[in-house]
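Participant: The following comprises the amino acid sequence and a computationally predicted model.
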Amino acid sequence: MGYKKIKKLKGKEREEELTKWINFIENPESEKVEEYMKENKEIKEAKEKSEEMSEDERMQRLAELREKA
């Protein structure tokens, strides 16, 4: 659920969505986040993008190490 969608929510619904995103930010590898991914495509996409970025950073680091060697 994107920012604009969350902003439109009220009360408990809004609090629950914000809690999901906070949990994602704090610990994207948690079981809670795995559950959220099943019901929230935006969290799933954010997790996948995060994993892609981590892999890209790892590959860049490997290339730097090879270059230094």
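Facilitator: Great, that's in hand.
Participant: Show me where this protein has its helices.
Facilitator: 3-8, 11-26, 31-39, 41-68 (DSSP state H).
Participant: shaky segments in this protein?
Facilitator: Scanning the chain for pLDDT under 70 picks out 1-3.
Participant: what about stretch 31-51, how long is it end to end?
Facilitator: 16 Å (C-alpha to C-alpha, to the nearest Å).
Participant: Show me how far it is from its chain's centre.
Facilitator: 6 Å (C-alpha atoms, centre = their mean, to the nearest Å).
Participant: doesn't W21 make contact with N40?
Facilitator: No. With contact defined as C-beta atoms under 8 Å, N40 does not count as touching W21 (9.0 Å). Every residue, glycine included, has its C-beta placed from N, CA and C.
Participant: Please report how far F24 lies from K44.
Facilitator: 10 Å (C-beta to C-beta, to the nearest Å).
Participant: the more surrounded of the two?
Facilitator: F24 (21 against 15; other C-beta atoms under 10 Å).
Participant: can you pull the contacts of the more buried one?
Facilitator: 33, 36, 43, 46-47 (C-beta atoms under 8 Å, 6 or more residues apart in numbering).
Participant: can you rerun that using 10 Å?
Facilitator: Counting by C-beta atoms under 10 Å, 6 or more residues apart in numbering, F24 makes contact with 30, 32-33, 36-37, 40, 42-43, 46-47, 50.
Participant: Find the pair from those with maximum spatial separation.
Facilitator: Farthest-apart pair in these is S30 and E42; separation 16.9 Å (C-beta to C-beta).
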